[in-house]
Every structure is written in structure tokens, then in C-alpha cells.
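Colleague: model the structure of this input:
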Amino acid sequence: MDTEYFCQRIQCSRDDKQECLRMVYLLADVAYTYRSGGIMAVDSLISHNKVKYSAVFLNRALQVFIDAKEVSQIRTVLYNCIIASNFSGRSFLSAVIITETLACLFDQEDLDYIFTFLVPSYFGMDYEDTARRAYQDYRKMRMMENSKTKS
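Modeller: Below is the predicted model:
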């Protein structure tokens with residue numbers, strides 16, 4: 001996938017970007033689950049929340065993530081799927097965010113890097129802060145839930 005193709009496909013409206021923020025929350029949930037419990041915990045999360053994780057591409061991506069042996073497998077399979085499915089706009093943005101987040105998780109990248117810099121960068125400079133705040137809101141919510149369970 002070259003830069004021109006990527007640039008043409010990722011363009012979307014502010015409303016589309018707002019819709020993609022839901023994916024940031026789902027991916028953050030997957031990321032924290034993976035870091036705390038491993039691949040089996042992610043598999044359990046998906047199977048116990050089928051409706052929440054029912055988006056076709058997300059579901060496919062999570063299965064690839066669970067079965068992959070190398071990060072290159074995740075990117076190859078998922079980018080092939082993106083291209084073959086002719087995604088554009090919101091669906092393209094969402095699929096790229098999913099692909100890169102899962103690839104970075106597999107590669108053991110820092111969660112704050114993934115959700116504070118990498119993922120927001122796909123939203124463009126005009127919406128980057130909004131995407132970053134979505135992750136920060138998720139993190140605060142998660143910390144509050146953890147403190148309640150410890151009490």
C-alpha cells in the first residue's frame with residue numbers, strides 16, 4: 001500500500017472520526033486485557049462480549065492476533081483484507097487503527113505510546129487531541145474501576 005493510496009482512502013469527515021473513537025475504547029480494552037492476562041484473556045473477553053466485539057473487521061483482526069506467530073503476519077493479512085475489501089473513509093480509518101494497534105500490542109509496544117501518539121496520528125492533526133483524550137478518559141475509567149475492586 002503506497003502513501004498516495006493510503007492518503008486517498010483515510011480521508012473522512014469529523015463525524016466519521018467521532019464514530020471511530022468507539023474503536024479506540026474497544027482497542028484500549030483489548031490492550032489492557034492482553035497486558036494483564038495474555039492471549040487467553042483476550043479470547044475470553046471476545047467470547048463473553050460477542051455483541052460488543054461484533055464488527056466484522058475487528059472480529060477478524062482479533063482472530064488473526066490470537067493465531068499469529070509474528071507481527072508481520074498480522075499486518076500482511078489485515079492490510080490484504082483492507083485492500084481487497086476496498087475500504088475507504090471511516091471503515092479504512094477504523095481498519096488501520098485496528099491493524100496497527102494489534103501489531104504494536106503483539107510487538108510489546110508501550111500502551112501509552114500506542115494510544116497517545118500512534119493511534120491519534122491517524123485521525124489527523126485537527127482531531128488528534130480528541131482521539132488522545134478518548135484514551136485518557138478510558139484510562140481514568142479503568143483506574144477508577146480497579147480502585148473500586150480493590151476496596
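Colleague: what's the helix or strand containing residue 29 packed up against?
Modeller: In this assignment (DSSP states H and E), residue 29 forms part of helix 14-48. Helix 14-48 is packed against helix 56-67, helix 90-106, helix 111-113, helix 128-150, with contacts defined by 3 or more C-beta pairs under 8 Å, 6 or more residues apart in numbering; DSSP states H and E. Quick note: C-beta positions are derived from backbone N, CA and C, even for glycine.
Colleague: export these to CSV and tack on mean neighbour count and distance to residue 28?
Modeller: Written out in CSV, the entries for these read as follows (neighbours: other C-beta atoms under 10 Å; distance: least, C-beta to C-beta, whole Å):
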stretch, mean neighbour count, distance to residue 28
helix 56-67, 17, 13
helix 90-106, 22, 9
helix 111-113, 13, 8
helix 128-150, 14, 4
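Colleague: would you turn those helices into JSON lines with mean pLDDT and distance to residue 32?
Modeller: Written out in JSON lines, the entries for these read as follows (pLDDT from 0 to 100; distance: least, C-beta to C-beta, whole Å):
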{"stretch": "helix 56-67", "mean pLDDT": "94", "distance to residue 32": "14"}
{"stretch": "helix 90-106", "mean pLDDT": "97", "distance to residue 32": "10"}
{"stretch": "helix 111-113", "mean pLDDT": "96", "distance to residue 32": "7"}
{"stretch": "helix 128-150", "mean pLDDT": "89", "distance to residue 32": "6"}
